[in-house]
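*Asks:* below are the sequence and a predicted model for it; my questions follow.
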Amino acid sequence: MISNLKPIEIWFATGSQHLYGPETLKQVAAHSQSIAQGLDAGPDIPLKVLFKPIVTTPEEIRALCVEASNSPQCGGVIAWMHTFSPAKMWIGGLSVLTKPLLHLHTQFNRDLPWGKIDMDFMNLNQAAHGDREFGFIGARMRIARKVVVGYWEDGDVHARIARWMRAARGWHDWQGARFARFGDNMRFVAVTEGDKVAAEIKLGYMVNGYGIGDLVASMDAVPDAQINELCAQYEREYEVSEELKTGGARHESLRYEARIELGLLSFLEENGCVGFTDSFEVLHGVQQLPGLATQRVMAAGYGFGGEGDWKTCALLRAMKVMAEGLDGGTSFMEDYTYHLHSDAHQVLGAHMLEICPTIAAARPKVEIHPLGIGGKADPVRLVFDTPSGAAINASLVDVGNRFRLIVNEVEVVAPAQALPNLPVARAIWEPKPDFKVAAAAWIWAGGAHHTGFSLALDAETLEDFAEIAGVEFLLIGEGTTVRELKQQLRTNEVYYALSQGFGRS
Ligand code: MN
């Protein structure tokens with residue numbers, strides 16, 4: 001459970017008009033209320049669904065959209081046209097709506113009452129054409145939205161709405177979010193750079209720099225008693241190596257990591273930050289690169305990016321918010337090294353230290369080993385494997401005139417053999433559609449070596465998120481070919497160059 005989440009609800013809006021008389025409108029309202037309540041009670045629906053009185057005039061529609069846009073709790077609007085709601089009435093409202101929109105195309109009555117159908121039924125159950133009129137104005141105005149089609153009680157309809165709600169929650173969290181960077185980018189690295197001003201304009205979050213000394217001051221203020229308590233907690237939660245345990249020869253290193261964790265958490269809280277980046281090149285005054293501390297802060301729901309990677313940090317935070325309440329963890333990840341045997345081409349994903357224990361298959365070990373780079377003291381870290389199953393890797397890159405979100409569907413597999421000498425947490429996966437196509441497509445798309453990795457989220461949720469954010473989305477999965485992906489990249493270059501003129505960025 002992430003502690004620093006903002007409250008959020010989804011509004012259910014129904015359009016109609018006065019043509020049908022007050023009796024019909026009463027029925028429309030009652031049906032709409034039933035659908036909103038049915039969604040709200042759905043076991044897979046992650047957010048509260050709030051019924052809003054039906055809207056029948058341009059003034060009511062605009063007022064509802066202004067209210068939704070101004071409401072801090074409103075994370076998105078679901079719109080449904082039970083009857084015909086002439087869509088010119090929606091232009092004013094949709095022009096000012098700043099919240100994510102889902103167009104639910106459903107019908108209150110599941111079945112045609114074959115033997116009893118009359119014009120009253122026909123006049124009430126008009127979504128078949130009412131929603132098409134609404135669809136036209138969405139298309140005409142280039143409104144970002146998700147369209148979900150099907151009977152409103154069906155599980156697959158709930159599942160698709162739930163994914164959009166998760167995406168809307170990630171977006172809601174980003175608006176006004178703050179991320180801290182200790183130091184700057186790893187020297188000479190390209191993909192972790194980018195336009196932070198463009199990110200704040202387009203994506204709503206801000207990234208600000210701090211000296212690592214600011215963190216040291218926060219670490220120095222941590223009382224010993226809290227460090228004792230946290231070290232005892234480590235020993236309860238993990239398999240702590242003998243040398244790091246209380247009384248062990250290297251216990252001081254564990255205590256130092258506890259000091260980093262507590263100092264980091266209080267720093268982030270005091271500065272209202274929901275994620276951070278650091279760099280092994282900028283550690284003046286910190287004796288070791290934060291390992292265990294970063295891993296645990298990530299597990300608490302904060303974003304993280306190594307080597308100053310603020311885009312992956314922010315993306316990871318959004319992915320953790322989207323995954324809230326789902327089974328399976330979400331972590332910072334890096335494509336580290338390969339297995340290129342003819343039987344199976346696989347990726348070993350890891351980082352120098354910072355992999356989130358929410359993806360651990362079993363109780364993690366706490367170990368201390370040399371880092372090999374950075375010239376600092378040996379860092380303490382959690383070591384574990386990742387369970388098998390479907391997962392995604394996601395990367396947000398800045399390609400100059402826009403942000404691009406790339407997602408690769410992967411299958412996590414068990415390691416073919418034990419890895420007794422590998423002193424870091426890791427995951428082994430086979431990318432879809434296969435290793436060669438996936439890696440080539442990723443490279444053509446300019447995807448980073450850093451990703452947000454999730455066993456909880458699927459590609460559709462990230463696609464919904466990209467739609468809400470108005471950023472380019474590329475999926476690498478079943479059916480992807482390099483030739484088509486290259487063509488998609490060329491087409492997108494034209495689209496994004498022209499789309500400002502279409503009224504949609
Ligand atoms: Mn890295």
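*Replies:* Good, I have the coordinates. Numbers count the residues shown, from 1 in each chain.
*Asks:* near the ion, which residues of the protein show up?
*Replies:* Gly306, Glu334 (Cβ under 5 Å from the ion). Quick note: C-beta positions are derived from backbone N, CA and C, even for glycine.
*Asks:* quick check: the residue of the chain nearest the ion.
*Replies:* For the chain and the ion, the shortest gap (Cβ to the ion) falls at Gly306, measuring 4.2 Å.
*Asks:* tell me where the stretch 401-505 of the chain has helices.
*Replies:* Ranges of helices within the stretch 401-505 of the chain are 435-445, 459-469, 482-498, based on DSSP state H, counting those that start in this stretch.
*Asks:* one more: the stretch 1-150 of the chain?
*Replies:* 22-40, 58-70, 91-96, 119-124, 127-140.
*Asks:* turn those helices into CSV, including mean neighbour count.
*Replies:* Converted to CSV, these look like this (neighbours: other Cβ atoms under 10 Å):
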stretch, mean neighbour count
helix 22-40, 17
helix 58-70, 17
helix 91-96, 16
helix 119-124, 13
helix 127-140, 16
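*Asks:* weakest of the ones you listed by average pLDDT?
*Replies:* Mean pLDDT across those is lowest at helix 119-124; the value there is a mean of 91.
*Asks:* ok, residues contacting that one?
*Replies:* Residues outside helix 119-124 that contact it (Cβ atoms under 8 Å, 6 or more residues apart in numbering): Tyr20, Thr24, Gln27, Val28, His82, Thr83, Phe108, Asn109, Pro113.
*Asks:* wouldn't the first one be in contact with Thr56 here?
*Replies:* No: with contact defined as Cβ atoms under 8 Å, Tyr20 does not reach Thr56; the gap is 9.7 Å.
*Asks:* now do the contacts for the closest residue to Arg404 other than its chain neighbours.
*Replies:* In this structure, Arg404 finds its nearest non-sequential neighbour in Glu472, 4.4 Å apart by Cβ to Cβ, 6 or more residues apart in numbering. Contacts for Glu472 (Cβ under 8 Å, 6+ apart) come out as Arg402, Phe403, Arg404, Leu405, Ala466, Asn492, Tyr496.
*Asks:* between the two ends of stretch 374-391, what distance do you get?
*Replies:* 32 Å (Cα to Cα, to the nearest Å).
*Asks:* and the residue nearest the centre of the chain, what does it touch?
*Replies:* The centroid of the chain falls nearest to Met319 when counting by Cα atoms, centre = their mean (2.4 Å). Neighbouring residues of Met319 by Cβ under 8 Å, 6+ apart: Gly170, Thr330, Ala394, Gly452, Ser454, Leu457, Leu462.
*Asks:* need the buried ones from these selected in PyMOL.
*Replies:* Restricted to buried positions by 16 or more other Cβ atoms under 10 Å, the PyMOL selection for the contacts of Met319 reads:
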select buried, resi 170+330+394+452+454+457+462
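*Asks:* columns pLDDT on top of the contacts of Met319, output as a markdown table?
*Replies:* Listed next are the contacts of Met319 as a markdown table, based on pLDDT from 0 to 100:
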| residue | pLDDT |
| --- | --- |
| Gly170 | 98 |
| Thr330 | 98 |
| Ala394 | 99 |
| Gly452 | 98 |
| Ser454 | 99 |
| Leu457 | 98 |
| Leu462 | 98 |
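*Asks:* distance to Val274 added to the contacts of Met319, as a markdown table?
*Replies:* As requested, these are exported to a markdown table (distance: Cβ to Cβ, whole Å):
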| residue | distance to Val274 |
| --- | --- |
| Gly170 | 11 |
| Thr330 | 14 |
| Ala394 | 18 |
| Gly452 | 14 |
| Ser454 | 17 |
| Leu457 | 18 |
| Leu462 | 19 |
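*Asks:* just give me the closest of the contacts of Met319 to Cys313.
*Replies:* Closest approach to Cys313 among those (Cβ to Cβ): Gly452, at 9.3 Å.
*Asks:* was I right to think the closest one contacts Ala391?
*Replies:* No: assessed by Cβ under 8 Å, Gly452 is found out of contact with Ala391, at 10.7 Å.
*Asks:* before we move on, back to that, leaving out chain neighbours, which residue sits closest to the residue nearest to the centre of the chain?
*Replies:* Gly452 (4.5 Å).
*Asks:* show me the contacts for the one you found.
*Replies:* Neighbouring residues of Gly452 by Cβ under 8 Å, 6+ apart: Thr312, Leu315, Leu316, Ala318, Met319, Thr330, Ser331, Phe332, Met333, Asn393, Ala394, Ser395.
*Asks:* where in this protein is pLDDT low?
*Replies:* Counting by pLDDT under 70, the chain shows low-confidence ranges at 501-505.
*Asks:* if you set the cut-off to 90 instead, what comes out?
*Replies:* 1, 19-21, 24, 83-84, 123, 282-284, 288, 371-376, 499-505 (pLDDT under 90).
*Asks:* residue most distant from the centroid, it?
*Replies:* Outermost residue of the chain (Cα atoms, centre = their mean): Gly115, 48.4 Å.
*Asks:* distance check, that residue against Ala36.
*Replies:* Computed as Cβ to Cβ, to the nearest Å, the Gly115 to Ala36 distance reads 30 Å.
*Asks:* now swap in Glu472 and tell me
*Replies:* For Glu472, the distance to Ala36 - Cβ to Cβ - is 33 Å.
*Asks:* then Gly374?
*Replies:* From Gly374 over to Ala36 (counting by Cβ to Cβ), the distance is 54 Å.
*Asks:* tell me the contacts of Ala198?
*Replies:* Contact analysis of Ala198 by Cβ under 8 Å, 6+ apart lists Asp398, Phe403.
*Asks:* quick check: angle from whatever helix or strand it lives in to helix 459-469?
*Replies:* Using DSSP states H and E, Ala198 sits in helix 196-203. Relative orientation of helix 196-203 versus helix 459-469 (axes from the mean of the first three to the mean of the last three Cα atoms, to 10 degrees): 100 degrees.
*Asks:* check the offset of helix 196-203 from the chain's centre.
*Replies:* Here helix 196-203 is found 17 Å from its chain centre; the criterion is Cα atoms, centre = their mean, to the nearest Å.
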